[in-house]
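> Return atomic coordinates for the entry below.
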Amino acid sequence: MPTCQNCGSFVTERYVRVFTPEQITEPRVCPHCPDMIRDGADVRQARSSRQTGD
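Numbers count the residues shown, from 1 in each chain. This is a model prediction of the structure:
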């Protein structure tokens, strides 16, 4: 099962297929990462909080 390299959360194979290059099997960040975001081909620190209020 693929996991996020940043936070270790489970991600689906479909997510990996859509958001990672073909040769990569585990994404660098995922929707569960509150502090990092994808920025083109890079990963960077989020400029604002991505957490939603409960």
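> For residue 30, give me its contacts.
4, 6, 7, 9, 11, 15 (CB atoms under 8 Å, 6 or more residues apart in numbering). Where C-beta positions appear, they are placed from N, C-alpha and C, glycine not excepted.
> Quick one, which of those residues are buried?
In the contacts of residue 30, burial by neighbour count holds for 4, 6, 11, counting by 16 or more other CB atoms under 10 Å.
> Return the subset of the contacts of residue 30 lying in helices.
residue 15 (DSSP state H).
> could the contacts of residue 30 go into JSON lines alongside distance to residue 26 and pLDDT?
Below are these laid out as JSON lines (distance: CB to CB, whole Å; pLDDT from 0 to 100):
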{"residue": "4", "distance to residue 26": "7", "pLDDT": "86"}
{"residue": "6", "distance to residue 26": "10", "pLDDT": "81"}
{"residue": "7", "distance to residue 26": "11", "pLDDT": "85"}
{"residue": "9", "distance to residue 26": "11", "pLDDT": "89"}
{"residue": "11", "distance to residue 26": "8", "pLDDT": "91"}
{"residue": "15", "distance to residue 26": "10", "pLDDT": "87"}
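> what's the spacing between the closest residue to residue 12 other than its chain neighbours and residue 45?
Closest residue to residue 12 apart from its sequence neighbours, by CB to CB, 6 or more residues apart in numbering: residue 2 at 7.6 Å. Taking CB to CB, to the nearest Å as the measure, residue 2 falls 23 Å from residue 45.
> neighbour-wise, which of the two wins?
residue 2 (19 against 8; other CB atoms under 10 Å).
> OK, contacts around that one?
Residues in contact with residue 2 (CB under 8 Å, 6+ apart) are 10, 11, 12, 13, 15, 16, 25, 26, 27.
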